[in-house]
Each structure stands twice: as C-alpha cells, then as structure tokens.
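# Need coordinates for the below:
(one chain, ligands or ions: 2)
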Amino acid sequence: MSPSLAAVVLCAGKGTRMKSEKAKVLHPILGRPLCAYPLKRALELGASPLVPVVGHQAAEVEKAIRAQFPSASLRFALQKEQRGTADAVRSAEGELKDFSGRVLILYGDVPLLRRETLEALVAAHESGKATLSMVSTTLDDPTGYGRVIREGGKVTRIVEHKDCTPEQRAVRECNAGIYLVESSFLWRALAEIRPQNAQGEFYLTDLVEMAARLGPVATVEADATDTAGVNDRVEMAARARVMQQRINEGHMRAGVTLLDPASAFIEDDVSIGADTEIGPQVSLAAGTVVGRNVTIGQGSVLTASTVADGTTIKPYSVFEEAKVGERCIIGPFARLRPGTELAEEVHLGNFVETKKARIGKGSKANHLAYLGDAKIGSGVNVGAGTITCNYDGVNKHVTELGDGVFIGSDTQLVAPVSVGDGAYVGAGTTVTKNVPPGSLAVSRVPQVNKEGWVARKKAQRG
Ligand code: UD1
Ligand code: MG
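Ligands and ions are numbered 1, 2, ... in the order given. Below is the predicted model of the structure:
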C-alpha cells in the first residue's frame, strides 16, 4: 500500500493585482472559482485530508470551496495574517496533527495544473526516495519567479527573484510552487524558517535548501502553460483561453461537433453526448447536460439545464434551469426560465417565454407567448400572442390546460384558471372562468359589420 497523502492548498492571499473587492481565488474561470482547480487535482490524486488555507475573506472562500466539493473531507486552516507562503503552510499544521505521510502543497491560483504532472511528481518522489520533491518550469522570461539553483546538476536551493544575484537571475529554470514533502520533515523544518529576505516574508522555498542538505531533491519538469499562475485579469483571461481550448478539444474527441471551437464557450462541468452539433458563440454554463444528436444553434446560452437526445435548439435561445425532453424543437429566440419542464416533441417558437411550466408531449406554442406557472397537457396548441396572467399583483397563480386543448391567438388566461381536456378557446378571449372539457369558450364582443360606413363618415367630414 502506498503511504498516505494529504494536501495543503494555499488560498489565503488577497490578490492585490486583481484590483478587486473579491479575493483572487474566488474569481471565476470557466464556471468555477479559481482555487477549485488545484483543489480538484488534489482530490483526484486521492489526497485526504485536504486542507485549504484561507485568510483574506476567509468565510466567503470557505463557503465557495464547500459548495464546489460538498462531499469531500475538507479541513480549513486559517492564516490570520499573510506573512508568506511558509507561514501559510504552517497554519495548516494543527489540522494535520494526526497525519503522517506525504503532504502535497499547491498554490490556489494555478488553474491549468495537470493530473499527469502530479502523478509524475509522486513517482519521482518515490524513485528518488526524496524528503522533498518539486515541480520546475523553464521560462523564457523568468522575471518574478523563484530560481532553481543547482550544483553539479543537483538542486541546492531556490532563490526568489528579489533576492537573486545577477548570475542567479540568468537562470531560467523556475519554481512552479508545487511540492511533495514528508510530514516528518515538513513541520520541523517550517518552524526553523526565518523572514530574512528582501520581502521580509516567511518563504516556503527555504524548505528546499533544508531538504537538499538531507539528500537529493527530486524534480519534475512541467510545461510553462500548465504551471502558470494568475496574478491579474489579463493573466486570468489568458488561462481561461487555454482552459476553454482544452475543454472544447475534449468534447470534440468524444464525438461532439463544434462548428467554431474558438467561439464556443463551454464551462468545466458540462456533459455533451456524441453527434451533437454546437454552433458558433454558443455558451454552455456549468451543470448543463446535453444528450446525443442535439443541435444547438448559434448564440444560444444554456445554464444548468438538461436537454435530451435529438432535440433541436435554433439560434439565440436562452435556457436557465430548464429540462427539455427528446426531439423537441425550440427557438429561434426562445427563453426557457427556471422550472420549465418539457416532455418529448414539444415545439416552442420565436419569442416564447416559459417559467415554471410543465408542458406535455407534442404540445406547441410556436409564436409570441408567455407561459408562466402553467401545467399544460399533451397535444395542446397554444396560439400566437397567448399570455398566462399568472400574477395578481400579490400572488402567483396556476393555469392548467388539459390534453388536446386548442387556445386561439391573443388569448389571456387569467389564473387561477383551467381549460378541460379537448376544449377550444376562441381567438382574442380573456378566460376568467374554468372551461369544461370539450366546450368552446369565447369572450369577445360579437362582430358587427356596418356597410358603407367609411364613405358616409368621409362625406360628413366634407
Ligand atoms: C511563489 C514562490 C516562487 C515561485 C512562484 C510560482 C515563495 C516564497 N515563492 O512566489 O518561488 O516561483 O510562487 O508561482 O513561495 N499565499 C498565502 N499566504 C501568504 C502568502 C501567499 O496563502 O501569506 C498564497 C497566495 O494566495 C497564492 C500562493 O500562496 O495562492 C503564492 O503566493 P504568491 O505571493 O503569489 O507567491 P509568488 O511571489 O508568486
Ligand atoms: Mg504568485
């Protein structure tokens, strides 16, 4: 059995360069807060316990992390004052008192980290029988990073950019900030670190020199893209672009057609079935599940919605927490709001808005309608311009339409009201009373034709 693994993820910093009221690690990237990505990697590796170190906006950061990983075993540590990365890890000691094994240390602002890199780190640690192992990256412009200093090929220490001599500044191998450390060494060594450096901070990187004195430090070289952090919004956008490309490529390799992969914006937690076709500028937000053989037209935006197999969504439709059955045809320009549940083969056309509406098999509302707080049976035809008047100024009320109902154009259904199975409502009717099954309801004033009226009127005016 391999030794136990715990993880500490540093999420306590403010992120000054974001110029934001909100802590940096809470800023979203492809539908999740920034810090969720390294945390997810630690979980994938089987790390338990997992200790996020929080500090700046601690309560908000903790809440966001718990919401992302509701079933994970998380132990939060508080770093009261941000006195450096070593101090941050040290604040996790109390949460890991009963733990003995290896501690994976990650920074909370590195979203593109790959699982393979961490697996390679574990392998290098084991084969090198190391006390401490780390990930390094070679950069064309290493400004700002800690430099990996080697003697005779062996790592001896890390020197932070601000503390470098001119020769050390020329080193391009940099510290990626990802470490695997034996717990027996970690807490003892952390206690010895002093803030004797250009920034007056407790540097976690001092651990490397201490470990190198005990034996070889194992290193794994990772691609600069994978280990790049986020310090400001320009970097955030650059990382998001790479992440978007990775997500889109993953879907394409799994059998999804993206007509314009550069503009399809698909968040991290979205599932899409094979042979589905996604048009340009489509946005699929976290929690959305799309079946097989679905077509999603240009500019459509789906959030936390489910779309079953064979459905066609025409351009510029917007879904929010909607459930759509098989072989439906929706849009263009349809708006499905929370609580919309469509059975199979429902057709909703342009400028149709639904909210808390359950609509049965094969029913249609093809033009200009508002269907809110509605229970609609199967085989119903809702004419153009139909509105459920669900709000009386104080409360919301339900409209029920039975199976096979026909609603003529420009009908208002003043809820609470119901129309029984098979009933017809004439165009232009304001339905205020329940309509019995099989009957016709008409409320408009009977039409009168006054022949020759126009000519007479014009003659009067002279
Ligand atoms: C750190 C490394 C540097 C490495 C670089 C890689 C140190 C001393 N230096 O520098 O060698 O090349 O990362 O990106 O570690 N944090 C806390 N509490 C603190 C300070 C920081 O939780 O008191 C968190 C931050 O929120 C952030 C992470 O630690 O997620 C890294 O801190 P940061 O200040 O960005 O370190 P760098 O200067 O980038
Ligand atoms: Mg940094």
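
# number of nearby residues for the residue lying closest to residue 359 once chain neighbours are set aside?
Taking Cβ to Cβ, 6 or more residues apart in numbering as the measure, residue 359 lies nearest to residue 376, with 4.5 Å between them; neighbours along the chain are not counted. From N, CA and C alone the C-beta is placed, and that goes for glycine too. Counted with other Cβ atoms under 10 Å, residues neighbouring residue 376 total 27.

# if I read this right, residue 376 contacts residue 357, doesn't it?
Yes - the pair residue 376 and residue 357 qualifies as a contact (Cβ atoms under 8 Å) at a distance of 6.7 Å.

# residues touching residue 46, list them.
Contacts were defined as Cβ atoms under 8 Å, 6 or more residues apart in numbering; by that measure residue 46 touches residue 5.

# what residues are up against the residue of the stretch 51-200 of the chain found nearest ligand 1?
Going by Cβ to the nearest ligand atom, ligand 1 is nearest to residue 146 of the stretch 51-200 of the chain, at 2.2 Å. The contact partners of residue 146, by Cβ under 8 Å, 6+ apart, come to 158-161, 174-175, 177, 205.

# nearest residue to it other than its sequence neighbours?
Leaving aside its chain neighbours, residue 146 sits nearest to residue 175 (3.9 Å; criterion: Cβ to Cβ, 6+ apart).

# what about stretch 91-109, near ligand 1?
Yes - between stretch 91-109 and ligand 1, judged by Cβ under 6 Å from any ligand atom, the touching residues are 107-109.

# Residues touching stretch 175-183, excluding its own?
Outside stretch 175-183, the residues within contact range by Cβ under 8 Å, 6+ apart are 6, 85, 96, 99-107, 110, 113, 117-118, 121-122, 125, 130-137, 145-148, 158, 204-205, 207-208, 211, 222, 227, 229.

# oh, I was asking about stretch 51-63
Contacts for stretch 51-63 (Cβ under 8 Å, 6+ apart): 6-15, 22-23, 25-26, 35, 39, 65, 74-82, 88-89, 91-92, 95-96, 108.

# at 6 Å what do you get?
Taking contacts as Cβ atoms under 6 Å, 6 or more residues apart in numbering, the residues outside stretch 51-63 that touch it are 8-12, 14, 23, 65, 75-79, 82, 88, 91-92, 95.

# end to end, how far does it reach?
Distance between the two ends of stretch 51-63: 14 Å, counting by Cα to Cα, to the nearest Å.

# Now do the contacts for residue 402.
Residues near residue 402 by Cβ under 6 Å, 6+ apart: 377, 420-421.

# same thing but at 10 Å, please
Shown here is residue 402, whose contacts under the criterion Cβ atoms under 10 Å, 6 or more residues apart in numbering are 360, 375-380, 418-423, 435, 437-438.

# what about it, distance to residue 378?
Residue 402 sits 9 Å away from residue 378, going by Cβ to Cβ, to the nearest Å.

# can you pull up the bridge partners for the residue nearest to residue 359?
The partner list for residue 376 in beta bridges (DSSP bridges) reads residue 359, residue 401.

# try the one 5 residues further on
Note on residue 381: beta-bridge partners by DSSP bridges are residue 364, residue 406.

# May I ask you to confirm that it is in contact with residue 405?
Yes - between residue 381 and residue 405 a contact is recorded at 7.6 Å, counting by Cβ atoms under 10 Å.

# So which of those two has more stuff around it?
More neighbours surround residue 405 than the other of residue 381 and residue 405, with 25 against 18 (other Cβ under 10 Å).

# Spell out which parts of this protein neighbour ligand 1.
With Cβ under 6 Å from any ligand atom as the criterion, the chain meets ligand 1 at residues 10-13, 53, 55, 79, 82-85, 87-88, 107-109, 145-146, 158, 160, 174-177, 203-205, 229.

# Just the buried ones from these?
10-13, 53, 55, 79, 83-85, 87-88, 107-109, 145-146, 158, 160, 174-177, 203-205, 229 (16 or more other Cβ atoms under 10 Å).

# In strands, which of these fall?
10-11, 53, 107, 158, 174-177 (DSSP state E).

# picking up where we left off before, tell me, what's touching residue 376 and residue 357 both at once?
Counting by Cβ under 10 Å, 6+ apart, the contacts common to residue 376 and residue 357 are 342, 365, 388, 399.

# can you list these in CSV and add neighbour count, pLDDT and secondary structure?
CSV is the format used below for the shared contacts of residue 376 and residue 357 (neighbours: other Cβ atoms under 10 Å; pLDDT from 0 to 100; DSSP: H, G, I helix; E, B strand; the rest coil):
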residue, neighbour count, pLDDT, secondary structure
342, 27, 99, strand
365, 27, 98, strand
388, 27, 98, strand
399, 24, 98, strand
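
# Which one of those residues is nearest to residue 248?
Comparing the shared contacts of residue 376 and residue 357 against residue 248 with Cβ to Cβ places residue 342 closest, at 27.4 Å.

# The closest one pairs with what?
Beta-bridge partners recorded for residue 342 (DSSP bridges): residue 324, residue 359.

# and what of residue 329?
Applying DSSP bridges to residue 329, the residues it is bridged with are residue 312, residue 347.

# what about it, how many neighbours?
Under the neighbour criterion other Cβ under 10 Å, residue 329 is assigned a count of 17.

# residue contacts, it?
Listed by Cβ under 10 Å, 6+ apart, the contact partners of residue 329 are 295, 311-314, 345-349, 364, 366.

# per-residue pLDDT, it?
According to the model's per-residue confidence, residue 329 sits at a pLDDT of 99.

# Now do the helices in this protein.
If DSSP state H is used as the criterion, the helices of the chain fall at 36-44, 58-68, 85-90, 115-127, 166-169, 183-190, 206-214, 224-227, 233-253, 453-461.

# pretty sure residue 355 is touching residue 374, no?
Yes - A contact is recorded between residue 355 and residue 374 when judged using Cβ under 10 Å, the distance being 8.5 Å.

# From residue 66, how far off is residue 229?
Here residue 229 is placed at a distance of 24 Å from residue 66 (Cβ to Cβ).

# oh sorry, the question was meant for residue 168
In this structure, residue 168 and residue 66 are 42 Å apart, going by Cβ to Cβ.

# Likewise for residue 142?
Distance of residue 142 to residue 66, given as Cβ to Cβ: 36 Å.

# higher neighbour count, these two?
Between residue 142 and residue 66, counted using other Cβ under 10 Å, residue 142 has the larger neighbour count: 21 against 13.

# And that one, its phi and psi?
The phi/psi pair for residue 142 (degrees, to the nearest 10) reads phi -90, psi 10.
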